[in-house]
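J.: coords please:
(one chain, ligands or ions: 1)
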Amino acid sequence: AAEDGLNAWLRYARLPPDIAKQATVPLNIVALNTTETSPVYVAGQELQKGIKGILDRSLNITHEASEGSSVVVGTIAAFNNSGISIGTPELEQDGFWLSIKGDTVEIVGQNERGALYGAFEYLSMLAQANFTEVAYATNPSAAIRWINQWDNMDGTIERGYAGPSIFFKGNAPVSNVTRVAEYARLLASIRVNGIVINNVNANAQILSDANMAGIARIADAMRPWGVKVGISLNFASPQTFGGLNTFDPLDKSVIAWWTKITDKLYQHVPDLAGFLVKANSEGQPGPLTYGRTLSDGANLFAKAAKPHGGIVMFRAFVYDNQHLNERNWKDDRANAAVDFFRGLDEKFDDNVVVQVKYGPIDFQVREPPSPLFAHLKQTASAIELQVTQEYLGQQCHLVYLPPLWKTILDFDLRVDGEKSVIGTDILSGKRFNKKGLTGYAAVVNVGQNATWLGSHLAMSNLYGYGRLAWDPTVNEVEILEDWTRLTFGLDDTVRETITRMSMESWPAYENYTGNLGIQTLTDITGPHYGPNPQSMDNNAWGQWTRADAFSIGMDRTVKNGTGFAGQYPTEVAAVFEEIETTPDDLLLWFHHVPYTHVLKNGKTVIQHFYDAHYAGAETAATFPTQWAKLEGLIDKQRFDETAFRLTYQAGHAIVWRDSINQFYNSLSGIADAHDRVNNH
Ligand code: GCW
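T.: Here you go, the predicted model:
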């Protein structure tokens, strides 16, 4: 059963014989590539393994095109060379065409990676007992579909909740890359094509010769799965690692140093995806240290990587956590990204991608979308999501995240008065005609735990991330149902229960942790876990609620507040500027109001707090009982491990509920209309 955890949604569990017999199965597998490390070759093996597992049929693999009953996988070029006639499908980079007709299956990739994705698609259908005949092409919504690991070289993981790193140990890349390859397999199946393996708070030692050889080992393990490796860089490396007396991005010796280091890296890993850079944020060094611009900093790496085809993901998460002062009514960390990047839009090299966290603050339970997406018209941009549940229960709470992500991806920013939906228009590159480099990055904290994320149910977030990066319009319930069938089998009760609980989970978490846009009321100075509403003010991190005895919320209006609302395009800015038009769930994000302010739902703010916290905890209390119905319908190990976590969550939701309700009850002195909160 430990295998079930490691295989996640790629279990290839045997279908019941009466269902399996309805499948029309080809007799052979033809993989149109003989190089063992090629994704097409790997696709052939995966098809063999999957069909054996799901249908109990043993198929041979050949590498020559043959007539008759077979599943053929290869690139367009390989199909053409082999003389198998195929319609000429419209394929973009990484796209594929899948045709299933009787016992003839054709999987045609635009490139090797696309062919592998097509093989996984076919297997996903079989595993879900979907035996329909199909013929369609599918292409990614964006070229960049990456993972960011925050793994430190000592083997710890920043915000890691699932054991030590699978990439690093003892200040070096691991020598045993078994888990690395297994991870790449999972990532390939959700069409992730790149991964940055070390923490954005980067250690310059990653650039030593021995470590470069280690990165090459990791890249070798992931390459057959079509996953390219990149690394995070520390801006001060020329000084701290290279021994120069400066790291000024415009200094000639610094430029020469980075060029040389980059050339050397590409000797070790010729297809290195590129670099990820966190600069001038939370104490990290950067170009501002020398009075240079952020674009000077990004372009330094871009120029070094350009001849090798590498790209630079430059993070927009730039803010100064030393000088934010809550006594200043206009101070606002949410303003930072647009403030820092304003005026730089034309200044970035064409292989720089600005990577923007989905919200203006930091992976909170609810945020409006970052307005920076509307400002980057020339510059390529990518969204940064977090599968790691940093503020969202740290994988000890079930919180299914695609519905949260969709509030951002589906948001229409109305740039220049035109439709500008973040997923389909902006991240796809269509709205501003950006060719090639746009997309998605997700922070993921898989570790050595046999479930990858420390929780079986948390894996739907990783799976969902891949699905949405490929197609941001795919329905979040559909994602969940596919994932459930693949992970836990075809039983209706299992699917319905897990789908219902998962869909209830984010709203419940928002209810018991921090509603109305006030953010996750967690311990902001410490682990970001558990309730600590008091810590959400007077901290230098700039994550504030401005709660006093009478009122609460950040006034981010232009007329009276921090001006943040004005960073959005006109139509959106107008909505958030006024209390009347701001949706209740973002009210306290944009406005400072008395606890007695009446919401659109007819309740006062304070009564809504009380009620929502009770409602959220009540929903969480149903999770263990809902789960209990699945006893015997799934294997005992996964049943027990999940039951344990859900029971804990139900209890912790009560801790959240009571801590927060008591806190605001004391602060405001306003009684709960239903007399549950009893300080007064
Ligand atoms: O949310 C904060 C996290 C830090 C993280 C930082 C970032 C990697 O608490 O742990 O550092 O964001 O995204 O850079």
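
J.: and stretch 263-281, is it in reach of the ligand?
T.: Yes. Using CB under 6 Å from any ligand atom, stretch 263-281 comes into contact with the ligand via K278. No exception for glycine: its C-beta is placed from N, CA and C like everyone else's.

J.: endpoints of that stretch, how far apart?
T.: The first residue of stretch 263-281 is 27 Å away from its last residue (CA to CA, to the nearest Å).

J.: and for stretch 528-541?
T.: End-to-end distance for stretch 528-541, by CA to CA: 12 Å.

J.: and that stretch, how far out from the chain middle?
T.: Centroid separation for stretch 528-541 versus its chain: 24 Å, with CA atoms, centre = their mean, to the nearest Å.

J.: what residues sit buried inside that stretch?
T.: Buried residues in stretch 528-541, counting neighbours by 16 or more other CB atoms under 10 Å, are found at 528-536, 541.

J.: stretch 551-569 now?
T.: Neighbour-count burial for stretch 551-569 flags 551-557, 561-569 (criterion: 16+ other CB under 10 Å).

J.: what's in contact with that stretch?
T.: Contact with stretch 551-569 is made by 329-332, 334-335, 338, 360, 371, 374-375, 413-417, 420, 516-518, 544-546, 573, 576-577, 587-595, 605, 664, as judged by CB atoms under 8 Å, 6 or more residues apart in numbering.

J.: what do you get if the cut-off is 6 Å, keeping everything else the same?
T.: With contacts defined as CB atoms under 6 Å, 6 or more residues apart in numbering, stretch 551-569 is touched by 330, 332, 334-335, 338, 371, 374, 413-415, 545-546, 573, 576-577, 588, 590-594.

J.: filter those residues down to the buried ones, ChimeraX style.
T.: To isolate the buried ones among those in ChimeraX, judged by 16+ other CB under 10 Å, type:
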select :332,334,335,338,371,374,413,414,415,545,546,573,576,577,588,590,591,592,593
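
J.: low-confidence stretches in this protein?
T.: Applying pLDDT under 70 to the chain flags residues 1-2, 88, 679-680.

J.: quick one: name the residues of it near the ligand.
T.: Close to the ligand, as judged by CB under 6 Å from any ligand atom, the chain has residues 150, 158-159, 200-201, 278, 317, 362-363, 390.

J.: which ChimeraX command selects the buried ones in these?
T.: This is how ChimeraX selects the buried members of these, with burial counted by 16+ other CB under 10 Å:
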select :150,159,200,278,317,362,363,390
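
J.: ok, so of the residues of the chain next to the ligand, who is nearest T34?
T.: W150 (38.4 Å; CB to CB).

J.: residues contacting the closest one?
T.: W150 makes contact with 157-159, 199, according to CB under 6 Å, 6+ apart.

J.: ok, now how distant is whichever residue of the stretch 301-450 of the chain sits closest to the ligand from N328?
T.: For the stretch 301-450 of the chain and the ligand, the shortest gap (CB to the nearest ligand atom) falls at D362, measuring 4.4 Å. From D362 across to N328, the span is 20 Å (CB to CB, to the nearest Å).

J.: quick check, central residue of the protein?
T.: The centroid of the chain falls nearest to A442 when counting by CA atoms, centre = their mean (2.7 Å).

J.: show me where the stretch 51-200 of the chain has its strands.
T.: Remark: strands assigned in the stretch 51-200 of the chain by DSSP state E, counting those that start in this stretch are 60-62, 70-75, 96-101, 104-109, 134-138, 144-149, 168-169, 172-173, 194-196.

J.: show me the helices in the stretch 401-550 of the chain, by range?
T.: Remark: helices assigned in the stretch 401-550 of the chain by DSSP state H, counting those that start in this stretch are 402-409, 459-470, 476-488, 492-513.

J.: returning to that earlier point: same list (the strands of the stretch 51-200 of the chain) but as CSV, adding mean neighbour count.
T.: Converted to CSV, the strands of the stretch 51-200 of the chain look like this (neighbours: other CB atoms under 10 Å):
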stretch, mean neighbour count
strand 60-62, 14
strand 70-75, 26
strand 96-101, 22
strand 104-109, 25
strand 134-138, 15
strand 144-149, 26
strand 168-169, 21
strand 172-173, 22
strand 194-196, 25
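
J.: out of these, the one nearest I54 is which?
T.: For the strands of the stretch 51-200 of the chain, proximity to I54 was assessed by CB to CB; strand 70-75 is nearest, at 13.0 Å.

J.: what does the closest one rub up against?
T.: Residues outside strand 70-75 that contact it (CB under 6 Å, 6+ apart) are 26, 28-32, 40, 43, 105-107, 109, 111-112, 115, 119.

J.: ok, of the residues you listed, which one's closest to the ligand?
T.: Nearest to the ligand, judged by CB to the nearest ligand atom, of those is N111 at 31.7 Å.

J.: how about that closest one, phi and psi?
T.: The phi and psi torsions at N111 (degrees, to the nearest 10) take the values phi -140, psi -180.

J.: what is the neighbour count of it?
T.: If you count neighbours by other CB atoms under 10 Å, N111 ends up with 20.

J.: shouldn't Q149 be in contact with N199?
T.: No. The criterion here is CB atoms under 6 Å, and Q149 misses it with N199 at 7.4 Å.

J.: what distance separates stretch 104-123 from the centre of its chain?
T.: 24 Å.

J.: now swap in stretch 426-436 and tell me
T.: In this view, stretch 426-436 has its centroid 20 Å away from the chain centroid, taken as CA atoms, centre = their mean.

J.: using CSV, write out every CA atom in it.
T.: What follows is stretch 426-436, C-alpha atoms only, in CSV (Å, rounded to 0.1, in the frame of the first residue of the first chain):
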residue,chain,number,x,y,z
ILE,A,426,-3.0,37.2,-20.0
LEU,A,427,-1.1,34.0,-19.0
SER,A,428,-1.8,32.5,-22.4
GLY,A,429,0.1,35.5,-23.9
LYS,A,430,-2.8,36.3,-26.2
ARG,A,431,-3.9,39.6,-24.7
PHE,A,432,-0.6,41.4,-25.2
ASN,A,433,0.6,39.2,-28.0
LYS,A,434,3.4,37.7,-26.1
LYS,A,435,5.0,35.0,-28.1
GLY,A,436,6.2,31.9,-26.3
